[in-house]
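Q: Pasted the sequence and its predicted model underneath.
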Amino acid sequence: MKILVCISNVPDTTTKITFTNDNTQFNTAGVQFIVNPYDEIALSKAIELCEGGKGTVTVINVGESATDPTIRKALAIGADDAVRINAIPRDAYFTAYQIAEYVKTADFDMILTGRESIDYNGAQVAAMLGEFLNIPSISIIKKLDYDGSTATLEREIEGGKEVVTVSGKFVASCAEGVAEAKIPNMRGIMSARTKPLQVVEAKEIEEVAKVTQFETPPPRGTVKLIPADDASSLIGLLHTEAKVI
Amino acid sequence: MSVLVYVEQVEGKFKKSVFEAVSYAKAIADKTGTNLSAISIGSVAESELQELGKYGASKILTVTSDELKNFVNQAYASVIAEAVQKEGADIVVLSNSFSGKGLAPRIAVKLKAGLADGAVELPSVEGGKFQVKKTAFSGKAFAVTELTSAIKVIALNPNAFGVKESPVTAAIESFSPTVAATDLAAVIKEIVRATNKVSLPDAELVVSAGRGLKGPENWGMIEELANLLGAATACSKPVSDADWRPHSEHVGQTGITISPNLYIAIGISGAIQHLAGVSSSKVIVVINKDPEAPFFKVADYGIVGDAFEVVPKLIAALKAHQA
Ligand SMILES: Cc1cc2nc3c(=O)[nH]c(=O)nc-3n(C[C@H](O)[C@H](O)[C@H](O)COP(=O)(O)OP(=O)(O)OC[C@H]3O[C@@H](n4cnc5c(N)ncnc54)[C@H](O)[C@@H]3O)c2cc1C
Ligand SMILES: Nc1ncnc2c1ncn2[C@@H]1O[C@H](COP(=O)(O)O)[C@@H](O)[C@H]1O
């Protein structure tokens, strides 16, 4: 069994988001980058499925060499090898296309992604990848079982869940519940340095969208404090002043 | 040129978020001087389809074949792309729901279209540029995105635009697209839906609680308050990590991002990762016993007090208010 896991390099969750160049660029100064938390879940699941010599896990990232530490982290967690497509991931369309082109040169039984990247958080790459490859894509899964040929997946839907089966290749985007995120141990960290990391050049594709401007949300007004012993007056305020109930 | 809106049905019914998507699509059609058509897939009664006319859909394509009865994103994307060609549409609108998230990207790739997911405003079309404002960085920022492709896809965030009536008579037309067997490779075995609960992503009112509640046994008052309000329940990450509540309730940067009209946060400190998912709520109420809790900095109304005393008072006041 061969599993490909897509890894996105994202700002640490505590990052205060600011922009430069007239709000056209994300300000990376002083920002710590990490493996996208959902991708860690996807990776951990892939490793679990391959345990005991049942298969191998490859991680792929579309990014420039600055993302290598994040890729090494994924190798330390337990991926067998890595591929980096050497380009700035300008948007999900571009990223999914690059990954799809690579997948066409290899042979994977399944491709796992995170539910969404916590920076641009489009939750787009998985479904776009499925479409570029013309295979099923199951978005936002909470459970994945695989018997070697058929996968049974549980997907989140509004107010409930859905159970889906797929035989053959597929893409799935993983949310919490799929696996416990694995933490790299010392041996993993040591071996990650020597695991293969292949660098592939990107292919050109027509641009369909571009970000022209970032904005930060307007600051909120000051809080109106209500004394605890008068808590019940909140209901009236929500009704007559805020008009939300 | 025209606008096509996909209207997602759940068990034969349209939810508010669908009427919102239709209202939004109608406003785009008005702005660009074209017509609005809708496409519905699955079995929906004619009276329910007619409802869409209220919000401005003058033509409704309906696909009722049995093989398309359940949502399979790959097949639905093919159907919608075919409808786009048939109608000569150049703008596709849908809701950024769980299903929408699996569907919109596939439609975009099929049509070589730029996708604005999580749109929060009407597009601007000034200077020949088609730009859409959408959420980014898990709600910590917005990105104005220019869609440069011929066909454009927009997935609208729930509660971002509101429902606006613009009544027309809808002409209903049955549509029989071709569906390839490969499009139906994913097989749906089971659907489980808790129909009595308000679904969190598109809820207008949300009552949320955190570790301050001490344990799962104390959620009775949270559910009672939510029920009285007709609100959905949510929680902070540690609460779902500890299995006090299901993961589907976890909001924040690594959970769901929501933008209800009212978010009541009880016993939640307001960590940056939590705020990322809820800061675009219109009104925020914070109940916390610690006056220094960071959540108060982004709250509209705050009560510094013990949740176990404050919440029962709110429940009583709400009952009195509703009586
Ligand atoms: C990578 C990463 C991702 C994360 N993603 C998320 C996310 O998506 N969502 C999320 O929520 N968190 C997330 N977190 C966790 C986040 O940093 C906080 O730890 C978490 O939000 C805290 O949850 P809490 O407010 O319920 O608990 P606490 O921080 O423990 O706060 C409990 C609060 O309850 C108050 N309290 C206690 N008793 C009472 C009482 N009787 N009455 C009233 N108030 C009381 C306390 O004053 C305190 O403010 C993430 C963290 C990391 C590292
Ligand atoms: N630059 C990238 N390289 C590899 N995988 C990515 C990249 N960006 C996003 N992904 C994958 O796609 C998922 C969804 O990302 P997004 O569509 O950006 O929200 C992420 O969780 C990753 O698994």
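A: Perfect, thanks for sending it. Numbering: from 1, shown residues only, chains lettered A, B, ... in the order given. Ligands and ions are numbered 1, 2, ... in the order given.
Q: Buried residues of stretch B:126-145, list them for me.
A: For stretch B:126-145, a neighbour-count test (16 or more other C-beta atoms under 10 Å in any protein chain shown) marks B:130-145 as buried. To be clear about C-beta, it is placed using only N, CA and C from the backbone, and glycine gets the same treatment.
Q: who in chain A is up against ligand 2?
A: By C-beta under 6 Å from any ligand atom, the residues of chain A that approach ligand 2 are A:6-8, A:36, A:38-39, A:60-63, A:89, A:92, A:95, A:113-114, A:116-117, A:120-126.
Q: From these, which land in helices?
A: When these are checked against helices (DSSP state H), the matches are A:38, A:39, A:92, A:95, A:125, A:126.
Q: top of those residues by neighbour count?
A: Among those, the one with the most neighbours (other C-beta atoms under 10 Å in any protein chain shown) is residue A:126, at 33 neighbours.
Q: among the buried residues of stretch B:126-145, which are within reach of chain A?
A: B:131, B:133, B:135-145 (C-beta under 8 Å from any C-beta of the partner chain).
Q: Same list, those, but as CSV with distance to ligand 1 and secondary structure please.
A: Below are these laid out as CSV (distance: C-beta to the nearest ligand atom, whole Å; DSSP: H, G, I helix; E, B strand; the rest coil):
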residue, distance to ligand 1, secondary structure
B:131, 29, strand
B:133, 23, strand
B:135, 15, strand
B:136, 16, strand
B:137, 13, helix
B:138, 8, helix
B:139, 10, helix
B:140, 12, coil
B:141, 16, strand
B:142, 19, strand
B:143, 20, strand
B:144, 25, strand
B:145, 24, strand
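Q: Looking at those residues, which one is closest to residue A:155?
A: The closest of those to residue A:155 turns out to be residue B:138 (C-beta to C-beta; 21.2 Å).
Q: I'd assumed residue B:275 was in contact with that closest one.
A: No - the criterion here is C-beta atoms under 8 Å, and residue B:138 misses it with residue B:275 at 9.7 Å.
Q: Need the overlap of contacts for these two.
A: residue B:252 (C-beta atoms under 8 Å, 6 or more residues apart in numbering or on different chains).
Q: For ligand 1, what is the nearest residue in chain A?
A: Ranked by C-beta to the nearest ligand atom, the top residue of chain A for proximity to ligand 1 is residue A:13, at 4.0 Å.
Q: Could I get the contacting residues of residue A:117?
A: Neighbour list for residue A:117: A:8, A:10, A:36, A:38, A:39, A:125 [criterion: C-beta under 8 Å, 6+ apart].
Q: now residue B:31
A: B:122, B:123, B:125.
Q: Least confident of these?
A: Among those, residue B:125 has the lowest pLDDT, at 94.
Q: Can you get me a residue count around that one?
A: 12.
Q: what do you get for residue B:254?
A: 23.
Q: which one is it nearest to, not counting chain neighbours?
A: residue A:37 (5.1 Å; C-beta to C-beta, 6 or more residues apart in numbering or on different chains).
Q: How much space separates that neighbour from residue A:116?
A: 10 Å (C-beta to C-beta, to the nearest Å).
Q: Those two: which is more packed in?
A: residue A:116 (28 against 20).
Q: who are the neighbours in contact with the nearest residue to that one once chain neighbours are set aside?
A: Once flanking residues are discounted, residue A:116 sits nearest to residue A:123: 3.8 Å by C-beta to C-beta, 6+ apart. Applying C-beta under 8 Å, 6+ apart to residue A:123 gives the contacts A:115, A:116, A:139, A:140, A:173, B:101, B:105, B:117.
Q: Who wins on neighbours among the residues you listed?
A: Result: residue B:105 is most packed of the contacts of residue A:123 (other C-beta under 10 Å), 32 neighbours.
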